[in-house]
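[1] I would like to see how this sequence folds:
(one chain, ligands or ions: 1)
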Amino acid sequence: MTGRAPDAGMLRRGLRFGRARWPVLLRLAAWSVLEAGQTFLLGYALARALDEGFLAGRAGTGFGWLAVAGLGVPAGAYGTGRVYGAVAALVEPLRDRLVTHVVRRGVREADRGALSGLTQQVEIAREACAGLVMVARSFVFTAAGALAGLASLAPPLLLVVLPPLLAGVALFAAVLRPLARRQAAFLAADEALAGELGTVCAGLRDVTAAGAEERVAGDLTGRIEAELRAAHALARWGALRVTSLAVGGHLPVVLLLAAAPWLLRRGVTPGALVGALAYVTQSLLPALQNLVHGLGTSGARLTVVLRRLAPAASAPQPPTTPAPTVPQPPTAPPPQPPAAPASGRRRSRAPALVLSRVTFAYGPHSEPVLRDLDLTVPHGTHLAVVGPSGIGKSTLTALAAGLLPPRRGEVRVYGEPAPAARALRVLVPQEAYVFTGTLAENLAHLRQDSVPEEELCAAAEAVGAGALLEALGGPGARVDPAALSAGERQLIALARAYLSPAPLVLLDEATCHLDPRAEARAERALRERSGGTLVVVAHRISSARRADRVLVMDGRHTAYGGHEELLRRSALYRELVGAWEPGAGPAPPRSHPALALRDADGVDAVAGTGLAGDGRHVVAHRPVGQVQPPGDLGDGRPLGGQG
Ligand SMILES: Nc1ncnc2c1ncn2[C@@H]1O[C@H](COP(=O)(O)OP(=O)(O)OP(=O)(O)O)[C@@H](O)[C@H]1O
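    Just a heads-up that it's a prediction; the model follows:
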């Protein structure tokens, strides 16, 4: 949208439209004259009622004139009713023409989304146009009626009322164009903000996951400030509009009162003076008020909407007033990633992740999910986090990413408080974020520098997305997120994390839609990526086996160690793995519903839920005694308890 005032072309088209409908315009004028008759009668009858009736001691005559004024009311109301019909006859064809134009355009461009947006604008145009005709017409005929009345009462009254009225109208006419420009600019800023908010709100989770909050907040702040500036500019010009109203509508009242002695000396009767005041306060002032406000708002809206619907325009535009109701996926590259990572010096000194006596609960009165958790993950470590469903694994990654604040304790990433260390970590959630754009934009999303094509391809190859990249047409190809499978989206997100400058990668079931081999390849690549640190909410036994360290979350009884070590000392880990230490006997029965199925005699089966390699939810259900040893579980076996 542009911020230009109505252009000559639009005016010409308007005049052509009016010329073709002169009978309707004539009808409109005729009914408006009847309406204006009421205005005329108001002051005239009042003056006569005073001068010839009440002030002359003839009350009957006075009431008679008041009755005449009263008769003018239904006549005027009848005229107003007919006026609405005439305005409709004028505006409906405009709507029909616009609808025809819009439908042709929609069919030509085969874009039904654009069509619905445009027909909405047609309705706005119809309303704004009707409002405009009503206020402009009302002002012209009311002013004519009132001025005719003033002239018939006493011509000197015109000398007092007419100059400020003309000055006010002239001032308003002068501010109209700049005001329309400011109004259009304000609407544009408002729409831009609404559009951006719609996009951001639809992708809040992904923005958070990508650590782009600051960038998004910065963009939104820019939009908000732009709208604020536009609102200030509009308000400044709005003040001039109010001044024009004061000069044209209120000043005549003051002048009439101040000039009363002079007017009376020049033969103006008291009744005529009261009649003049009635004309100004009851007719001219309200009509001018309507004109100033109506033209200021309906006029600007109509200008903006008509320009959008103009035949010259080809690209569909967003609707004028309401914010987009259906959030759209971002079409441009979304917010930029966090700044560059910390220096290698800092990395080598501080552990990648430290949780010190961290307690976290989702609500002030809810039971903590984590209680006094201590954890240190040295730089370069590959840590797998396992535990039953709902135990707090995702919560832990969110705390590590600085997305959740601990109730007590502290989380540090490479020595910095987690919320301030966004540039040092990348969190890949289960639902991978891919946006409409090129593959290159998607892959380099967390980089601030421009990434050479070879590096993009190498990263994709490293995490196992090379074939996908090729199949989609290479880095320059555009991607439609809806056309990708969940696993393909995960591969893109993993390649993006690989390219990220952040040394700490947090995978929260980010490979659950990949097959075991693909998962292994991606994890290995992320682990080996320039000595990066990898924390994986493990989804399969194979993932935990690959890790240097495993954190077994179990409420208060969290265990930490290597795979073999944990098999020896963590009953829960043994259950999760679905095996017993040789000779250790069956694992102690557990009450976690995701893990143990009980019958009246106690535990009879060990079960776990998880996602299979193809993304299906599965339940591993094995009668006690038939559980296979760890070596036989195979890479593809989902790890119990991962929902
Ligand atoms: N936003 C939230 N508000 C309130 N409670 C929550 C919220 N998110 C998670 N929880 C609760 O916190 C606990 C831990 O959830 P979390 O998602 O961290 O578990 P998880 O181990 O990752 O589970 P899963 O393996 O099923 O993903 C659960 O009881 C869950 O219901």
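
[2] so what are the domain limits for the chain?
    8-309, 344-552 (automatic domain parsing).

[3] nearest to the ligand, of the ones you listed?
    The closest of those to the ligand is domain 344-552. By Cβ to the nearest ligand atom, the value is 3.3 Å. To be clear about C-beta, it is placed using only N, CA and C from the backbone, and glycine gets the same treatment.

[4] can the closest one be found next to the ligand?
    Yes. Against the ligand, domain 344-552 shows contacts by Cβ under 6 Å from any ligand atom at 362, 369, 387, 389-395.

[5] tell me how many other residues crowd Ala510.
    Around Ala510 there are 28 other residues, counting by other Cβ atoms under 10 Å.

[6] contacts only, for it.
    Ala510 is in contact with 428-430, 432, 490, 493-494, 497, 536, counting by Cβ atoms under 8 Å, 6 or more residues apart in numbering.

[7] hmm, which two among these are most spread apart?
    Ala432 and Val536 (14.9 Å; Cβ to Cβ).

[8] higher neighbour count, these two?
    A direct count of neighbours by other Cβ under 10 Å for Ala432 and Val536 places Val536 higher, at 30 against 24.

[9] doesn't that one fall inside a helix?
    No. Val536 is assigned strand when assessed by DSSP: H, G, I helix; E, B strand; the rest coil, not a helix.

[10] could you measure it against Ile492, distance?
    Distance, Val536 to Ile492, by Cβ to Cβ, to the nearest Å: 18 Å.

[11] repeat for Ala260
    Applying Cβ to Cβ to Ala260 and Ile492 gives a distance of 82 Å.

[12] next, Gln430: secondary structure please.
    Following three-state DSSP, the label given to Gln430 is coil.

[13] burial of it, as a residue count?
    Neighbours around Gln430, by other Cβ under 10 Å: 19.

[14] excluding chain neighbours, what is closest to it?
    Once flanking residues are discounted, Gln430 sits nearest to Glu509: 4.3 Å by Cβ to Cβ, 6 or more residues apart in numbering.

[15] just put the residues of domain 344-552 next to the ligand in a markdown table and tack on pLDDT and secondary structure.
    Converted to a markdown table, those look like this (pLDDT from 0 to 100; DSSP: H, G, I helix; E, B strand; the rest coil):
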| residue | pLDDT | secondary structure |
| --- | --- | --- |
| Tyr362 | 91 | coil |
| Val369 | 92 | coil |
| Gly387 | 89 | coil |
| Ser389 | 87 | coil |
| Gly390 | 89 | coil |
| Ile391 | 91 | coil |
| Gly392 | 92 | coil |
| Lys393 | 93 | helix |
| Ser394 | 93 | helix |
| Thr395 | 94 | helix |
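
[16] can you pick the most crowded of those residues?
    Neighbour tally across the residues of domain 344-552 next to the ligand (other Cβ under 10 Å): the maximum, 26 neighbours, falls on Gly387.

[17] surely that residue meets Asp554?
    Yes. Contact criterion Cβ atoms under 8 Å: Gly387 and Asp554 qualify, at 6.0 Å.

[18] shouldn't Pro405 be within a helix?
    No. Going by three-state DSSP, the assignment for Pro405 is coil, not a helix.

[19] list the contacts of the helix or strand hosting Gly294.
    Per DSSP states H and E: Gly294 is located in helix 285-294. Here helix 285-294 makes contact (Cβ under 8 Å, 6+ apart) with 131-132, 134-136, 138-139, 142-143, 165, 168-169, 172, 241-242, 244-245, 248-250, 253.

[20] how far does that helix sit from the chain's center?
    Helix 285-294 has its C-alpha centroid displaced from the chain centroid by 34 Å (Cα atoms, centre = their mean, to the nearest Å).

[21] oh, and call the first residue 331 from now on, that's how I've got it
    In the new count, where the first residue is 331, that last one comes out as helix 615-624.

[22] rounded mean pLDDT for that helix, please.
    Mean pLDDT, helix 615-624: 89.

[23] pull out the buried residues from that helix.
    For helix 615-624, burial by neighbour count (16 or more other Cβ atoms under 10 Å) applies to 615, 617-618, 620-622, 624.

[24] can I have it written out in PDB, keeping just the CAs?
    The C-alpha trace of helix 615-624 is given here as PDB (Å, rounded to 0.1, in the frame of the first residue of the first chain):
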ATOM      1  CA  LEU A 615     -22.000  23.000  13.500                       C
ATOM      2  CA  PRO A 616     -23.200  19.400  13.500                       C
ATOM      3  CA  ALA A 617     -23.100  19.300   9.700                       C
ATOM      4  CA  LEU A 618     -19.500  20.600   9.700                       C
ATOM      5  CA  GLN A 619     -18.600  18.200  12.500                       C
ATOM      6  CA  ASN A 620     -19.900  15.300  10.400                       C
ATOM      7  CA  LEU A 621     -18.100  16.500   7.400                       C
ATOM      8  CA  VAL A 622     -14.800  16.800   9.200                       C
ATOM      9  CA  HIS A 623     -14.900  13.500  10.900                       C
ATOM     10  CA  GLY A 624     -16.600  11.600   8.000                       C
END
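
[25] how many degrees apart are the host helix or strand of Gly479 and helix 615-624 in direction?
    Counting by DSSP H and E, the element that carries Gly479 is helix 442-483. Going by axes from the mean of the first three to the mean of the last three Cα atoms, to 10 degrees, helix 442-483 is angled at 160 degrees with respect to helix 615-624.

[26] from the contact counts, what lies against helix 442-483?
    helix 352-378, helix 389-439, helix 485-532, helix 600-608, helix 615-624, helix 630-639 (3 or more Cβ pairs under 8 Å, 6 or more residues apart in numbering; DSSP states H and E).

[27] could I get the ones you listed as TSV with distance to His709?
    Listed next are the helices and strands packed on helix 442-483 as TSV, based on distance: least, Cβ to Cβ, whole Å:
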stretch	distance to His709
helix 352-378	80
helix 389-439	55
helix 485-532	34
helix 600-608	86
helix 615-624	66
helix 630-639	56
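
[28] who has more neighbours, Ala590 and Ile822?
    Ile822 (26 against 16).

[29] and that one, which helix or strand is it part of?
    Assigned by DSSP H and E, Ile822 falls in helix 816-829.

[30] just give the number of residues close to Leu396.
    By other Cβ under 10 Å, neighbour count at Leu396 equals 17.

[31] let me fix that, I meant to ask about Arg847.
    Arg847: 13 surrounding residues under other Cβ under 10 Å.

[32] return the set of buried residues in whichever strand or helix holds it.
    Assigned by DSSP H and E, Arg847 falls within helix 846-858. For helix 846-858, the neighbour count (16+ other Cβ under 10 Å) marks 846, 848-857 as buried.
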